[in-house]
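Novice: The sequence isn't on hand, but the structure is:
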């Protein structure tokens, strides 16, 4: 099981639980120190990648492909909300790239191996997709109306649409995909942001309404360990172990999911 964003927060908590349950876990993170610490604790492999650099993602895919004969679960958990609009070295707005383009690229580069293993691909999305997301195919990176919350919400909406289209394209070949909201978790989330969410996550009042990393990891662990098609429906977006009842209407648009896939692929060529 490969978990990105596993150096801290719910990614690290999920890695610990899955390891305790007897699974071989591979941790992927951006911070050399934090990633190595989690890997050493679990006695497992670690790989480094900064999703703000697509060459890092390509190198990660090559390393994973060469190191492991099969991958049963790919948990695309890395992400975050950031501050003012910032272009990466690849020319994309950072929020869009880190949360959507990078995991889209990683999944596609590993697609043959994932299909061969009839793997599960998980996307850590967010209720922000409903609260703030608004996907415009002609302005995916919100060049015209950027706010940190809007960019993050749209990227998390893209996670749900990517999951939907991944299932449509490859579900019949045995690939299972799900997106989920982990809950409002007391982690270092938003620490790099200038968004008001940063103050909420740091405030005692905000923390009082949050859950811990262990509980936040529950949905990732459940989806990774349970049986798609029996315990959960592939292609769906989950909250609290159930298909979400309230979603952004765009998350249900199959044509938009297909168009986003094609547009994302074009941005990476």
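Specialist: The structure has been received and is ready for your questions. What you see is a predicted model; the values in this text were computed from it and never measured. Numbers count the residues shown, from 1 in each chain.
Novice: The stretch 51-200 of the chain: strands as residue ranges?
Specialist: Per DSSP state E, counting those that start in this stretch, the stretch 51-200 of the chain has strands spanning 73-76, 120-124, 176-181. These are given in chain order.
Novice: Now distance to residue 266 and mean neighbour count too, for these, in TSV please.
Specialist: Using the backbone N, CA and C atoms, a C-beta is placed for each residue, glycine as well. As requested, the strands of the stretch 51-200 of the chain are exported to TSV (distance: least, C-beta to C-beta, whole Å; neighbours: other C-beta atoms under 10 Å):
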stretch	distance to residue 266	mean neighbour count
strand 73-76	20	27
strand 120-124	20	27
strand 176-181	21	26
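Novice: Dump the ones you listed to JSON lines, plus distance to residue 5 and mean pLDDT.
Specialist: Formatted as JSON lines, the strands of the stretch 51-200 of the chain follow (distance: least, C-beta to C-beta, whole Å; pLDDT from 0 to 100):
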{"stretch": "strand 73-76", "distance to residue 5": "8", "mean pLDDT": "98"}
{"stretch": "strand 120-124", "distance to residue 5": "7", "mean pLDDT": "98"}
{"stretch": "strand 176-181", "distance to residue 5": "14", "mean pLDDT": "98"}
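Novice: Now distance to residue 46 too, for those, in a markdown table please.
Specialist: Converted to a markdown table, the strands of the stretch 51-200 of the chain look like this (distance: least, C-beta to C-beta, whole Å):
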| stretch | distance to residue 46 |
| --- | --- |
| strand 73-76 | 15 |
| strand 120-124 | 19 |
| strand 176-181 | 24 |
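Novice: how close does residue 78 sit to residue 52?
Specialist: 10 Å (C-beta to C-beta, to the nearest Å).
Novice: Mutual contacts of the two, please.
Specialist: 98, 102 (C-beta atoms under 8 Å, 6 or more residues apart in numbering).
Novice: Compare these two (neighbour count), which wins?
Specialist: Between residue 78 and residue 52, counted using other C-beta atoms under 10 Å, the more crowded position is residue 78 (25 against 20).
Novice: quick one: pLDDT of that one?
Specialist: pLDDT, residue 78: 97.
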